[in-house]
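Trainee: fold the following for me, if possible:
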Amino acid sequence: MNDTPITPTLGRIVWYRGADGGTRAAIVGQVNGGFNLNLFVFGRTAGDPEQGYQANVTHADPEKEPGCLPSWDWMPYQKDQAKKHAAPLAAGELSPHQQRVVDERRDLDEKLAKLEMFFGTTIFASLDETEKSRLERQERAMCDYSNILRERIAAFQAAASTTV
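Mentor: Got it, this is the predicted structure:
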C-alpha cells in the first residue's frame, strides 16, 4: 500500500500485473472500493491472454507483495506526484489531531484492503447471501468513511499550503 494516498477514479491509468507477473497498462472501468477495481487491460502482444476486461482486481505493492497476482498499482510518476502534493503533510508539520486522522485513515484502509481480499476467497463464496450482503454493506461504509477522512486530510493539506 502507498504511504501517500491516491484515490482511484474512473478513467485513470494504472499498472496491471498479470498472473505471469508481467506489467501492462490498464484503464479503470469501475471503482469497487479504495483497493478493488474493474480494469480494461491492454495486452503486451496481440495474443496476450491478460488483455481485456478484468474484474475485481486488488491493489498490491509489487515490492512488498510480489506474489499477489493479478493485481494493480499506481505508476511511479503518479506516486511521485502524490508525494510532492502531500509534502506539507510531513509528520512534523501536522498538529496531533491531524496526525491522528492520517493514522486512522491508514489503519482503516489496511482493514478495508483485507476485507476486499476476503471477497475473493472460497470462505466468502460459501457464506449465505445475507452474510455476504452485510459484508458488502460494511465495505461500502468503510469506503465512505475512508473518503471522508481523505477529504479531511486534503483540507489539512490545502490549509498548510496557504500558510507556506
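
Trainee: now the strands for this protein?
Mentor: 13-17, 23-31, 36-41, 52-58, 71-73 (DSSP state E).

Trainee: packing partners for the last one?
Mentor: Taking 3 or more C-beta pairs under 8 Å, 6 or more residues apart in numbering; DSSP states H and E as the contact definition, the neighbouring helices and strands of strand 71-73 are strand 13-17, strand 52-58. Just so you know, the C-beta spots here come from the backbone N, C-alpha and C atoms, and that holds for glycine as well.

Trainee: Leu94 is nearest to which of these?
Mentor: Of all the helices and strands packed on strand 71-73, strand 13-17 sits nearest to Leu94, with 28.3 Å by C-beta to C-beta.

Trainee: what's that closest one packed up against?
Mentor: Strand 13-17 packs on strand 23-31, strand 36-41, strand 71-73, going by 3+ C-beta pairs under 8 Å, 6+ apart.

Trainee: mind listing what it pairs with, with the direction of each?
Mentor: Sheet pairing here is set by DSSP bridges, and for strand 13-17 it gives strand 23-31 (antiparallel), strand 71-73 (antiparallel).

Trainee: point out the most buried one among these.
Mentor: Most buried of the strands paired with strand 13-17, by mean neighbour count (mean count of other C-beta atoms under 10 Å): strand 71-73, with a mean of 22.

Trainee: okay if I get the strands paired with strand 13-17 as CSV plus mean pLDDT and distance to Arg44?
Mentor: Output for the strands paired with strand 13-17, formatted as CSV (pLDDT from 0 to 100; distance: least, C-beta to C-beta, whole Å):
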stretch, mean pLDDT, distance to Arg44
strand 23-31, 95, 6
strand 71-73, 93, 15
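
Trainee: okay, these in JSON lines with distance to Pro96 next?
Mentor: Listed next are the strands paired with strand 13-17 as JSON lines, based on distance: least, C-beta to C-beta, whole Å:
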{"stretch": "strand 23-31", "distance to Pro96": "32"}
{"stretch": "strand 71-73", "distance to Pro96": "32"}
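
Trainee: tilt between the longest helix anywhere in the chain and strand 23-31?
Mentor: Counting by DSSP state H, the longest helix found in the chain is helix 129-163. Here the directions of helix 129-163 and strand 23-31 differ by 110 degrees (axes from the mean of the first three to the mean of the last three C-alpha atoms, to 10 degrees).

Trainee: would you indicate which residues of helix 129-163 are buried?
Mentor: When neighbours are counted by 16 or more other C-beta atoms under 10 Å, the buried residues of helix 129-163 are found to be 139, 142-143, 146, 149-150, 153, 156-157, 160.
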